[in-house]
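S.K.: I would like to see how this sequence folds:
(one chain, ligands or ions: 4)
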Amino acid sequence: MASSLSQTVFSILLLLSLHQACAEMTHLHFYFHEILSGPNATVLTVVNPSNSTSLTFGTIVVVDDMLLEGLDDNSTLIGRAQGLVGAVGKDGSLESLHNFVFTEGKYNGSTISIYGRVEQGVTIERPVIGGTGMFRMTTGYSLAKPVVVTATKLVYEFDVYLWHMEMKDN
Ligand SMILES: *[C@@H]1O[C@H](CO)[C@@H](O)[C@H](O)[C@H]1NC(C)=O
Ligand SMILES: *[C@@H]1O[C@H](CO)[C@@H](O)[C@H](O)[C@H]1NC(C)=O
Ligand SMILES: *[C@@H]1O[C@H](CO)[C@@H](O)[C@H](O)[C@H]1NC(C)=O
Ligand SMILES: *[C@@H]1O[C@H](CO)[C@@H](O)[C@H](O)[C@H]1NC(C)=O
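M.R.: Ligands and ions are numbered 1, 2, ... in the order given. Modelled structure (predicted):
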């Protein structure tokens, strides 16, 4: 009797504490700037089996790209996208895995992990497969639209839609 009463009390307390964890939806909008060459290049080719200057089948690059508030080079840096891109498709498609590390404002120190297929030259949709800090237990998706494509620079406009728990202290 005493044990079933304490189980009931425990269940009520558990329900109350779960109630404190609310689902949140967050929309992030920013610009992803990639410098392809020169002293400040944000891309480094690490495997290049066909010695080609483009991303042909088998090429692997590492990136440490800049996340800026705006399209302008001088706009505020809000984070970095660090990861790997591999040319895994004979059709020219790529596979990417990036950690987006935020360094400004309320998301400073929080990260999201974006993984997925990239087709060049079109809006890329990729899953957000997790996160840390403010984005613990995140799922969602990202849309990346190419807005600057030159021989030396790529800029993508990002919209990221995240569903995550906002943990509140009791
Ligand atoms: C590279 O970055 C440094 C430091 O931000 C800057 O002073 C320099 O002008 C940049 N160089 C080029 C070629 O953009
Ligand atoms: C790779 O390509 C560069 C120029 O694109 C050339 O100078 C170099 O000799 C090539 N290396 C090999 C191993 O073919
Ligand atoms: C960015 O800032 C530099 C140095 O302050 C300036 O020369 C350049 O014109 C600015 N670029 C834009 C697009 O505003
Ligand atoms: C972000 O957090 C780091 C580590 O706590 C801190 O050093 C840095 O000043 C913060 N940056 C901003 C812009 O608040």
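S.K.: for this structure, what lies in contact range of ligand 3?
M.R.: Residues of the chain lying near ligand 3 by C-beta under 6 Å from any ligand atom: 72-74. Bear in mind the C-beta positions are built from the backbone N, C-alpha and C, glycine included.
S.K.: of the residues you listed, which is the most crowded?
M.R.: With neighbours taken as other C-beta atoms under 10 Å, the top of those is residue 73, carrying 13 neighbours.
S.K.: can you list phi and psi of that residue for me?
M.R.: Reported as degrees, to the nearest 10, the phi and psi values for residue 73 are phi -60, psi -30.
S.K.: check what pLDDT the nearest residue in space to it that is not next to it in sequence gets.
M.R.: Once flanking residues are discounted, residue 73 sits nearest to residue 33: 7.1 Å by C-beta to C-beta, 6 or more residues apart in numbering. With respect to pLDDT, residue 33 has a value of 98.
S.K.: the closest residue in space to residue 58 that isn't next to it in sequence: how many residues sit nearby?
M.R.: Leaving out its chain neighbours, the residue that sits closest to residue 58 by C-beta to C-beta, 6+ apart is residue 49, at 4.2 Å. Per other C-beta under 10 Å, the neighbour tally for residue 49 reads 11.
S.K.: residue 49 reaches residue 55, doesn't it?
M.R.: No. The pair residue 49 / residue 55 is not scored as a contact, 11.6 Å apart, by C-beta atoms under 8 Å.
S.K.: only alpha carbons, please: show stretch 150-167 as PDB.
M.R.: Provided in PDB are the C-alpha atoms of stretch 150-167 (Å, rounded to 0.1, in the frame of the first residue of the first chain):
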ATOM      1  CA  THR A 150      31.700  33.200 -58.400                       C
ATOM      2  CA  ALA A 151      35.100  31.600 -59.000                       C
ATOM      3  CA  THR A 152      36.300  32.800 -55.600                       C
ATOM      4  CA  LYS A 153      33.300  33.000 -53.400                       C
ATOM      5  CA  LEU A 154      30.000  31.100 -52.600                       C
ATOM      6  CA  VAL A 155      27.200  32.600 -50.500                       C
ATOM      7  CA  TYR A 156      24.100  30.600 -49.500                       C
ATOM      8  CA  GLU A 157      21.100  32.200 -47.800                       C
ATOM      9  CA  PHE A 158      20.000  29.800 -45.000                       C
ATOM     10  CA  ASP A 159      16.600  29.300 -43.500                       C
ATOM     11  CA  VAL A 160      16.700  26.700 -40.700                       C
ATOM     12  CA  TYR A 161      13.500  25.400 -39.000                       C
ATOM     13  CA  LEU A 162      14.100  23.600 -35.700                       C
ATOM     14  CA  TRP A 163      11.900  21.800 -33.300                       C
ATOM     15  CA  HIS A 164      13.500  21.400 -29.900                       C
ATOM     16  CA  MET A 165      12.700  21.200 -26.200                       C
ATOM     17  CA  GLU A 166      13.000  24.300 -24.100                       C
ATOM     18  CA  MET A 167      14.000  23.000 -20.700                       C
END
